[in-house]
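Chemist: show me the folded form of this:
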Amino acid sequence: MDIEQKQEEIIDHFVKQASSLEGSALGSLVVEATSHPSLFAFSEILAVPNVLQLEGTETSVNLDVLRLFSQGTWSDYKRDASRLPQLVPDQALKLKQLTPLQVLPYDQLMQELDVINVRELEDFLINECMYSGIVRGKLDQLRKCFEVQFAAGRDPRPGQLGSMIHTLSNWLDTSNNLLISIQEKMKWADTMTELAKEHKKEVEDRVEEVKKSSSHKADIDFRGHEEIYSEPGGVMDYEEDRSRPKRRRHPIYR
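Modeler: Coordinates of the predicted model:
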């Protein structure tokens with residue numbers, strides 16, 4: 001089962017649970033969800049009416065925790081730690097795992113994750129992020145950055161949706177233009193192929209005509225020579241005449 005399909009099943013489980021709980025009873029559900037090793041998206045849980053009703057209540061901090069895990073990073077938690085409940089070890093690990101999905105340069109990652117050196121950072125990215133399946137990528141030690149090749153989807157921040165739509169629209173326009181260009185090049189290539197075939201056929205026909213013409217001319221020349229050698233009084237008669245002794249004429253005296 002791939003990570004996205006597993007996500008859907010886990011999300012569905014927590015959404016059903018959240019729909020049946022209210023008020024402070026949702027606190028334990030929030031801790032369980034944000035500690036789950038295979039759950040990385042929380043927008044569906046945040047959209048449950050019972051969860052939204054926490055806004056402005058004494059237990060609204062549970063809603064804030066969900067929003068932190070939905071869109072925030074470890075540094076966001078440190079900044080607001082005074083008003084948020086202390087995270088249990090599994091929650092802290094989860095939030096750190098989610099952080100590299102947004103932040104990539106080594107320097108910033110070390111600051112975000114509270115690690116003191118590159119070795120510790122790379123060990124965390126490999127052991128806690130890539131092995132868990134939340135992210136796949138390449139550790140670029142030369143450029144000191146983490147190149148993400150795949151990442152589990154996170155919930156978009158408020159205001160990001162419009163930007164995402166704009167980016168995807170531009171990508172769609174570019175793709176359509178590229179497709180048109182490819183189709184035109186394919187059409188041009190087909191045309192050139194047909195022209196090349198026609199030219200090849202013309203050359204082959206011309207060569208065949210020359211061959212036939214040369215063969216016909218050679219045949220005519222051969223027949224001409226044959227007629228010359230076979231005519232009476234021709235070369236053979238001439239040769240025979242040369243081989244005969246000539247008669248000597250006696251002078252006539254007057």
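Chemist: which parts of this protein are strands?
Modeler: Here the chain has its strands, by DSSP state E, at 135-140, 145-151.
Chemist: need those in CSV (columns: mean neighbour count, distance to Thr34 and mean pLDDT).
Modeler: C-betas here are computed from N, CA, C, even on glycine. Below are these laid out as CSV (neighbours: other C-beta atoms under 10 Å; distance: least, C-beta to C-beta, whole Å; pLDDT from 0 to 100):
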stretch, mean neighbour count, distance to Thr34, mean pLDDT
strand 135-140, 15, 18, 82
strand 145-151, 14, 18, 76
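Chemist: would you turn those strands into TSV with distance to Arg119?
Modeler: Formatted as TSV, the strands of the chain follow (distance: least, C-beta to C-beta, whole Å):
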stretch	distance to Arg119
strand 135-140	11
strand 145-151	14
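Chemist: among the ones you listed, which is nearest Lys212?
Modeler: Taking C-beta to C-beta, strand 145-151 is the member of the strands of the chain nearest to Lys212, at 65.6 Å.
Chemist: and the closest one, what does it pack against?
Modeler: Contacting strand 145-151 under the criterion 3 or more C-beta pairs under 8 Å, 6 or more residues apart in numbering; DSSP states H and E are the following elements: helix 106-113, strand 135-140.
Chemist: returning to what we had before: of all the strands of the chain, which one is nearest Glu8?
Modeler: Nearest to Glu8, of all those, is strand 145-151, at 16.7 Å by C-beta to C-beta.
Chemist: now find how far off-centre the closest one is within its chain.
Modeler: Mean C-alpha position of strand 145-151 versus that of the full chain (C-alpha atoms, centre = their mean, to the nearest Å) differs by 16 Å.
Chemist: again, but for stretch 86-93
Modeler: Offset of stretch 86-93 from its chain centre (C-alpha atoms, centre = their mean): 37 Å.
Chemist: on that earlier part again, to Leu21, which of the helices and strands packed on strand 145-151 lies closest?
Modeler: Between Leu21 and the helices and strands packed on strand 145-151, the tightest spacing by C-beta to C-beta is seen for strand 135-140, at 31.1 Å.
Chemist: quick one, domains of the protein?
Modeler: Listed by automatic domain parsing, the domain ranges of the chain are 3-151, 162-242.
Chemist: buried deepest among those, which one?
Modeler: domain 3-151 (a mean of 16; mean count of other C-beta atoms under 10 Å).
Chemist: show me where this structure dips below the pLDDT cut-off.
Modeler: Applying pLDDT under 70 to the chain flags residues 1-4, 101-103, 149, 151-154, 156-161, 163-164, 166-167, 216-254.
Chemist: show me the contacts for the closest residue to Phe146 other than its chain neighbours.
Modeler: Excluding its sequence neighbours, the residue lying closest to Phe146 (C-beta to C-beta, 6 or more residues apart in numbering) is Leu104, at 5.1 Å. Taking C-beta atoms under 8 Å, 6 or more residues apart in numbering, we find Leu104 in contact with Cys145, Phe146, Glu147, Val148.
Chemist: what sits closest to the third one if chain neighbours are left out?
Modeler: Counting by C-beta to C-beta, 6+ apart, the nearest residue to Glu147 once its immediate chain neighbours are dropped is Lys138, at 4.4 Å.
Chemist: sweet, I'm off.
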